[in-house]
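A.B. asks: sequence plus the predicted model coming up.
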Amino acid sequence: MSEPQGSEGTTQRLPVIERAPDPDQRDQSASAAAYGPPPVLEGGAGGERRFWSARRIPAGIVAVLLLVVVGFFLYDIAAVRADRPAMQWRRELARQLAERPLHDTWVLVGAGVAAALGLWLVLLAITPGLRAVLPMRRTHTDVRAGLHRDAAAMVLRDRAMEVAGVQSVRVRMSRTKADVRAVSHFRELDDVRADLDVTLAAAIGALGLARPPALSVHVARTTRKKG
């Protein structure tokens, strides 16, 4: 059965699907609601940018590698200046670079690896990172705040568990969407979903996020198989 849908932007009730009993599977029924994110409050920083990651590990690795390579070269150059023979690895490297043609397999492999590492470093330099931190609305011009996605998911889960009829909840939080899947052990599924819609919409608004995520609510109930 189905119920008439409201206008765009309002919560829509989708069909409740009932499946005939199967001796090998449990009976299931589900209802779901999906709608866009709540509007950003006036004065809120809807265009707040993501936090930039310090990228300490990649920067540390690059710094250590450069330090080792430069240290070897400086030591060898100083040894040559002191009338000592150049190290074997530098003589071999110079010979290989002079003798190997550009289309040699190892030259192409080395060039490909160097290009891939360079592109990776450029990508790290131009992207903010910290995808797990959701920017919050800025109420003071000199203060920025962020909320971890796991913490936001935990808040939504706790609020969903307060709804009557909800037995368990699983929340997946991304930068643009909050996917909530609940299991109900009593009450009509549409009633439980409607209460979840209201409760979770209010919870998302209370998080104070600069870009409130769209909400998707799914409610299901597993019926025990009759002996």
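C.D. replies: Nice, I can see it. Keep in mind that what you see is a predicted model, and the values were worked out from it rather than measured.

A.B. asks: next SSE downstream of whichever helix or strand residue 197 is part of?
C.D. replies: Applying DSSP states H and E as the criterion places residue 197 in helix 189-207. Per DSSP H and E, helix 189-207 leads on to strand 214-223 as the next helix or strand towards the C-terminus.

A.B. asks: list the buried residues in that following strand.
C.D. replies: Judged by neighbour count using 16 or more other C-beta atoms under 10 Å, the buried positions of strand 214-223 are 214, 215, 216, 217, 218, 219, 220, 221. Backbone N, C-alpha and C define where each C-beta goes, glycine included.

A.B. asks: dump that strand to PDB, keeping only the CA atoms.
C.D. replies: Below are the C-alpha coordinates for strand 214-223, written out as PDB (Å, rounded to 0.1, in the frame of the first residue of the first chain):
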ATOM      1  CA  ALA A 214      21.000  15.400   4.000                       C
ATOM      2  CA  LEU A 215      19.200  12.900   6.100                       C
ATOM      3  CA  SER A 216      18.200   9.400   5.000                       C
ATOM      4  CA  VAL A 217      16.100   7.300   7.400                       C
ATOM      5  CA  HIS A 218      15.400   3.600   7.000                       C
ATOM      6  CA  VAL A 219      13.300   1.700   9.500                       C
ATOM      7  CA  ALA A 220      12.900  -2.100   9.400                       C
ATOM      8  CA  ARG A 221      11.500  -4.800  11.600                       C
ATOM      9  CA  THR A 222      12.400  -8.400  11.500                       C
ATOM     10  CA  THR A 223       9.600 -10.800  12.200                       C
END
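
A.B. asks: mean confidence score for that strand?
C.D. replies: Strand 214-223 shows a mean pLDDT of 86.

A.B. asks: one more: stretch 192-205?
C.D. replies: Averaged across stretch 192-205, the pLDDT comes to 93.

A.B. asks: ok, which stretches of the chain are helices?
C.D. replies: All helices of the chain, identified by DSSP state H, fall at 56-81, 88-99, 105-126, 149-161, 189-207.

A.B. asks: out of those, nearest to residue 137?
C.D. replies: Closest to residue 137 of these is helix 189-207 (C-beta to C-beta; 9.4 Å).

A.B. asks: what comes up buried for that closest one?
C.D. replies: For helix 189-207, burial by neighbour count (16+ other C-beta under 10 Å) applies to 189, 192-197, 199-201, 203-204, 207.

A.B. asks: the helix holding residue 197 versus strand 214-223: what angle between them?
C.D. replies: Using axes from the mean of the first three to the mean of the last three C-alpha atoms, to 10 degrees, the direction of helix 189-207 lies 150 degrees away from that of strand 214-223.

A.B. asks: and stretch 159-169, end to end?
C.D. replies: In stretch 159-169, first residue to last residue: 10 Å (C-alpha to C-alpha, to the nearest Å).

A.B. asks: and it, which residues are buried?
C.D. replies: Within stretch 159-169, the residues scored as buried using 16+ other C-beta under 10 Å are 159, 160, 163, 165, 166, 169.

A.B. asks: of those, which is the nearest to residue 89?
C.D. replies: Looking across the buried residues of stretch 159-169 and measuring by C-beta to C-beta, the closest to residue 89 is residue 169, at 60.5 Å.

A.B. asks: tell me the bridge partners for the closest one.
C.D. replies: Beta bridges link residue 169 to residue 182, judged by DSSP bridges.

A.B. asks: if I look at it, what pLDDT would I see?
C.D. replies: Among the per-residue scores, residue 169 shows a pLDDT of 94.

A.B. asks: ok, it touching residue 160?
C.D. replies: Yes: under the criterion of C-beta atoms under 8 Å, residue 169 makes contact with residue 160 at 4.3 Å.
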